[in-house]
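1. 3D model of this:
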Amino acid sequence: MGLTLILLLWFLIFLVGSFLRPEGSESFVLGPGFLLYKSERLKGFIHLLSHKGRRFWHFLSEVALLVSVGGIFLALGLFSINAFRLVTQPRLAVGIAPVIPGITIPVDLFLLAFLPIAVIAIFIHEFSHGITALIEKISIKSAGFAIFLFFLGGFVEPDDQDLAAARPRSQMKVYAAGSFANLFVAICLMILLLPIPFYLALSPAYESPNGVLILGLRSGGPAEQAGLQVGDVITAINGIPVKNEKEFSDLYFRNKPNSTVVLEIPNHGVLEIKSDRYGFLGIGYMTYYAPRGWASKLGFSSNGPFRARQTLFLTQMLNFIIALVNLLPIPFLDGHKLMRAFFDGTLGEGKGKVWIWILAILSLFLLLFNMAFTFINADLLGL
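-> Residues are numbered from 1 along each chain as shown. This is a model prediction of the structure:
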């Protein structure tokens, strides 16, 4: 259903765009499944950014180069480990599949969460390419907004002749910039999601942690049968007070199968619940933060920190995935261009073709292998 709607939408875009496109316009490009709008204002904005703090951008481009070269081997290593786990221990592996609304991801989740975050991540990636190109005295041919199939984003197109004439090291910096920017964002968000930074960010609107909030209940699980509800707050387990999810988890995972677990919940009192055969109660939870008085009046809820954390986590993971996939030395991806420039600079132009293609074939095999075994193990991976 979702795929049908997207195909219908593209048919309408192509039909309307064909009639409305100004004749002879080079700023508006429309084709089957893609739409480009080249913006001089956006191009000028990238020029403006590159002129501010040039020393900083130069330093950052050097760091990006080192990190991205190492990131290529990190990406190969992580995909290799995941491929091994998909075969030997599928439950410990990460599912890898293309994003197809209505097939691999629900349409509503794609539109409301994935797509907006992906747009931001892509803009960060492309802007970084553009700024680094200008720092390395490589002109930008165009910049603008793009729609490709069901993805929205931006693009920056360096001048091909300037890029080809640039030193291999300059080329490497340009190719490394995008993935490094996404990695940098992912690391910053990972730090922000740590308990102390996360609470400090919430503290203007929320009180100190005071228990764990129940976010979900397994249908037919012990907690649901005992009458617990989503939104209940657990303040103690087995007589021991808990302030956050770490304290709760440390005690919760000590429960033995079919044992009695005592929970203290303000609106239920003290409840004794028998755990299942794995020692679990069938609950999803996170640290409880009560909204401050003024925040509560403005509509802030106890679910707010959960939504914020989920959004930040999705943004972190999406930036990390975009960086890693782009660093794979597969043709048309940044990793392939980066390795080509690296071998041209170290072995001489065109002399590293054999090594480049070995890495390309290995990378493509790992990516397709991960996707194939994700499909085979879909049930075990919960997909």
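2. for Pro158, list the residues it contacts.
-> When contacts are counted by CB atoms under 8 Å, 6 or more residues apart in numbering, Pro158 is found next to His129, Gly130, Ala133, Ile138, Ser139, Ile140, Lys141, Val174. (C-beta placed from N, C-alpha, C; glycine too.)
3. the closest residue to it other than its chain neighbours sits in which helix or strand?
-> Closest residue to Pro158 apart from its sequence neighbours, by CB to CB, 6 or more residues apart in numbering: Ala133 at 4.4 Å. Using DSSP states H and E, Ala133 maps to helix 115-135.
4. so how far is His51 from the nearest residue to Val63 once chain neighbours are set aside?
-> Sequence neighbours aside, Phe180 is the residue nearest to Val63 in space, at 7.3 Å (criterion: CB to CB, 6+ apart). Distance from Phe180 to His51, counting by CB to CB, to the nearest Å: 21 Å.
5. so for these two, which sits in the more crowded spot?
-> Phe180 (26 against 12; other CB atoms under 10 Å).
6. who does the helix holding Ala133 touch, helix- and strand-wise?
-> With contacts defined as 3 or more CB pairs under 8 Å, 6 or more residues apart in numbering; DSSP states H and E, helix 115-135 has these neighbours: helix 40-51, helix 54-88, strand 140-148, strand 151-158, helix 168-192, helix 304-327.
7. distance to Gly239 and mean pLDDT added to those, as CSV?
-> Below are the helices and strands packed on helix 115-135 laid out as CSV (distance: least, CB to CB, whole Å; pLDDT from 0 to 100):
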stretch, distance to Gly239, mean pLDDT
helix 40-51, 57, 90
helix 54-88, 39, 93
strand 140-148, 57, 83
strand 151-158, 52, 80
helix 168-192, 34, 95
helix 304-327, 27, 91
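8. which stretch among the ones you listed comes nearest Ala378?
-> Of all those, helix 54-88 sits nearest to Ala378, with 11.0 Å by CB to CB.
9. which parts of the helix or strand following the closest one are buried?
-> Once the chain leaves helix 54-88, the next helix or strand it forms, by DSSP H and E, is helix 107-109. Within helix 107-109, the residues scored as buried using 16 or more other CB atoms under 10 Å are Val107.
10. dihedrals phi and psi, Ala295?
-> For Ala295, the backbone dihedrals (degrees, to the nearest 10) come out as phi -70, psi -40.
11. for this structure, which spans come out with low pLDDT?
-> 1-26, 30-33, 102, 149-152, 380-383 (pLDDT under 70).
12. can I see the domain layout of it?
-> Structural domains assigned to the chain are 2-193+311-381, 207-289, following automatic domain parsing.
13. list the contacts of Ile117.
-> Thr311, Leu314, Thr315, Leu318.
14. swap the cut-off to 7 Å and go again
-> Leu314, Thr315, Leu318 (CB atoms under 7 Å, 6 or more residues apart in numbering).
15. equivalent analysis for Lys337, please.
-> Residues in contact with Lys337, defined by CB under 7 Å, 6+ apart, are Tyr175.
16. the one 5 residues further on now?
-> Remark: with contacts taken as CB under 7 Å, 6+ apart, Phe342 is in contact with Met172.
17. could you tell me whether it really is in a helix?
-> Yes - checked against DSSP: H, G, I helix; E, B strand; the rest coil, Phe342 lies within a helix.
18. return the distance of it relative to Lys351.
-> On the measure of CB to CB, Phe342 and Lys351 end up 12 Å apart.
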